[in-house]
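S.K.: For reference, the sequence and a predicted model appear below.
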Amino acid sequence: MTTAVNMEDIAKEFSEFIENFKAGIENLATMGPVKIATSEKETVYRDGRVQLYHYKPLQKKICPVPVLISYALVNRPTMLDLQEDRSLIRNLLNEGMDVYMIDWGYPDRSDRYLTLGDHIEGFIGGCVDYIREAHNLDKINLLGVCQGGTMATIYSCLHPDKIKNFITTVTPIDFETSDGLLFSWSKSMHVDSMVDRYGLVSGDTMNRSYQMLGPLNLSTQKYINMVDLMANKKKLEDFLRMESWLMDSPDQAGETFRQFVNDLFRGNKLTKGELVINGKEVKLKNMTMPVLNIYAEFDTLVPPASTKPLNDHVGTKDQTLIGYPVGHIGMYVSGKIQKTLAPTIAKWINERV
C-alpha cells in the first residue's frame, strides 16, 4: 500500500512537471526578449570604454549632493537596476537622490595593461571630478558595490577632500579571512601565469569560477527548479532577467586583475596600510568623512568577516555598520530589501548634507 501511494505521488509530481514545462514553452514562445536596466539615463561623460550615467530624477525635491555609484568590474552594473520592482537605482531616485553610475564597459586586448591605479585615479577620479564641476561642488557622495566598493574605498583614502559621505555595500576590505571559498582559492591562485599567458582574464572563466563556489545550486539545481515556475510568466521573466545579467560577463584587464589578487586577496595590503597606488600610500585612517558600511549577513561570496573591519580602520568617528539578513546578490534583488535599503541610505545621506 505504501509503495502504491508513493508511486501515485511520483506520478502526480511528474505530471505537474510536464504541465509546467509545456506552459513554460508556450510562455517562452510568446514573451519576447526580457529587458533589464530600464531606468531613464543619459551618458554625460566618457573616458575610452568607460561611461558615466546620470539618471533622470523621479522626485521634485532632489538631494543637493549627488551620489556616484562604483560597481564591480566583474559582471555588469545592470544588477542595480534589474527590473522596475527590484532596483536599487530606482529606489534611490524615489527617495530623492541624484544618482550617477560608472559603466566600466567591455575591456579588450588594448586594455590589458591598465592598472588598478588607472581604474581608481583615472576612471573613478575622472567621474568624480566631472560631477563636482557639473554641480559646482567641492565634494560628492560615493557609493561602492563589492569590488567597486574596494576601489571606491581606496579612492576615498587618496582623496578625502573630494568625498562628502562614503557608503559601501557588500565590499571586501580585510582579505585575511578564509570564511569564503573565493578568499581561500585566491590566496593560492597562479594569477601571474594567467595574466602573462592571456593578457585578459576571460569573463566566462570568472563565471565558471563563481559557479564552482556552489556547483550543484548554481549550475544544475536552479535549472531544475526553473521548471516549477515556468508556467508563471512573471516569475519566468524574473528568472530570465537574472540569467541575462549572469551571462553578461566582461573580460578583466589583466594588470588590474593581477594587482587586485596579489596586493589585496594575497597580500591584504589595504588593512595593513601597505597598499601603494600610482606611487601614493593608501591609508584607511585618511577616511575622515562619514562612513556607512552595509554588509549581507548570509553573504558567502564576500563574507561579513571581510566587510565589517572597515569600521575598525577608518579615521572618522561618524561611522555606521548595518547588516541585512540576505546574501550577496540578495542585497539588491531580494524582495524584502526593496523597501529598506534605499531609504536607509537616503536618510543617512540627507542627515549629513
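M.R.: Received it, and whenever you're ready, just let me know what you need. What you see is a predicted model; the values in this text were computed from it and never measured. Numbers count the residues shown, from 1 in each chain.
S.K.: Helix or strand: which one has Lys235?
M.R.: Secondary structure from DSSP states H and E places Lys235 in helix 233-247.
S.K.: taking the mean pLDDT, what do you get for that helix?
M.R.: For helix 233-247, the mean pLDDT works out to 80.
S.K.: ditto for stretch 30-42
M.R.: Stretch 30-42 comes out at a mean pLDDT of 87.
S.K.: Return the distance of it from the chain's centre.
M.R.: 19 Å (CA atoms, centre = their mean, to the nearest Å).
S.K.: That stretch spans what distance, first to last residue?
M.R.: End-to-end distance of stretch 30-42 (CA to CA, to the nearest Å): 31 Å.
S.K.: buried set for the helix holding Lys235?
M.R.: 233, 236-242, 244-246 (16 or more other CB atoms under 10 Å). In this view, the C-beta of every residue, glycine as well, is placed from N, C-alpha and C.
S.K.: Likewise for stretch 47-58?
M.R.: For stretch 47-58, the neighbour count (16+ other CB under 10 Å) marks 47, 49-55, 57-58 as buried.
S.K.: quick one: Arg90 and Asn286, what's the gap?
M.R.: Going from Arg90 to Asn286 by CB to CB, to the nearest Å gives 33 Å.
S.K.: Leu158 too?
M.R.: Leu158 is 8 Å from Asn286, by CB to CB.
S.K.: So for the two, which residue has more residues nearby?
M.R.: Taking other CB atoms under 10 Å, Leu158 and Asn286 do not tie; Leu158 has more neighbours (22 against 17).
S.K.: How about the contacts made by the more buried one?
M.R.: Contacts for Leu158 (CB atoms under 8 Å, 6 or more residues apart in numbering) come out as 120-121, 277, 280, 282, 286.
S.K.: Just the buried residues of these.
M.R.: 120-121, 277, 282, 286.
S.K.: can you put the residues you listed in TSV and add pLDDT and secondary structure?
M.R.: Output for the buried ones among the contacts of Leu158, formatted as TSV (pLDDT from 0 to 100; DSSP: H, G, I helix; E, B strand; the rest coil):
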residue	pLDDT	secondary structure
Ile120	98	helix
Glu121	98	helix
Ile277	98	strand
Val282	98	coil
Asn286	98	helix
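S.K.: all helices for the stretch 101-250 of the chain, in order.
M.R.: All helices of the stretch 101-250 of the chain, identified by DSSP state H, counting those that start in this stretch, fall at 116-117, 125-135, 147-158, 181-186, 191-198, 203-211, 215-216, 222-229, 233-247.
S.K.: which of those helices is buried the deepest?
M.R.: helix 147-158 (a mean of 26; mean count of other CB atoms under 10 Å).
S.K.: could you give the mean pLDDT of it?
M.R.: Rounded mean pLDDT across helix 147-158 is 98.
S.K.: Just the CA atoms of that helix, as PDB, please.
M.R.: The C-alpha trace of helix 147-158 is given here as PDB (Å, rounded to 0.1, in the frame of the first residue of the first chain):
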ATOM      1  CA  GLN A 147      34.900  45.100  -5.800                       C
ATOM      2  CA  GLY A 148      33.800  48.600  -6.900                       C
ATOM      3  CA  GLY A 149      33.400  49.400  -3.200                       C
ATOM      4  CA  THR A 150      37.000  48.400  -2.600                       C
ATOM      5  CA  MET A 151      38.200  50.600  -5.400                       C
ATOM      6  CA  ALA A 152      36.000  53.400  -4.100                       C
ATOM      7  CA  THR A 153      37.400  53.000  -0.600                       C
ATOM      8  CA  ILE A 154      40.900  53.300  -2.000                       C
ATOM      9  CA  TYR A 155      39.900  56.500  -3.900                       C
ATOM     10  CA  SER A 156      38.400  58.000  -0.700                       C
ATOM     11  CA  CYS A 157      41.600  57.300   1.200                       C
ATOM     12  CA  LEU A 158      43.600  59.100  -1.500                       C
END
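S.K.: Now do that helix and helix 125-135, the angle between them.
M.R.: 70 degrees (axes from the mean of the first three to the mean of the last three CA atoms, to 10 degrees).
S.K.: Begin at 317, not 1, for the rest of this chat.
M.R.: Yep, numbering from 317; the last one is helix 463-474 now.
S.K.: and helix 463-474, how far from the chain's centre?
M.R.: Using CA atoms, centre = their mean, the offset of helix 463-474 from its chain centre is 13 Å.
S.K.: With pLDDT and distance to Lys478 added, can I get the buried residues of stretch 363-374 in TSV?
M.R.: Formatted as TSV, those follow (pLDDT from 0 to 100; distance: CB to CB, whole Å):
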residue	pLDDT	distance to Lys478
Asp363	97	17
Arg365	96	23
Val366	98	18
Gln367	98	20
Leu368	98	15
Tyr369	98	20
His370	98	18
Tyr371	98	21
Pro373	97	23
Leu374	96	27
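S.K.: so after the helix holding Lys551, what's the next helix or strand?
M.R.: With DSSP H and E, the next secondary element past helix 549-563 is strand 568-569.
S.K.: Centre of the chain to the helix holding Lys551, how far?
M.R.: 17 Å.
S.K.: any weak-confidence spans in this protein?
M.R.: Counting by pLDDT under 70, the chain has low-confidence residues at 317-321, 326-327, 329-331, 333, 336-337, 339-340, 343-344, 523-543.
S.K.: All the strands of it, residue numbers only.
M.R.: For the chain, applying DSSP state E gives strands covering 357-363, 366-371, 383-386, 397-399, 402-403, 415-419, 456-461, 479-485, 516-517, 568-569, 592-593, 596-597, 607-612, 635-640.
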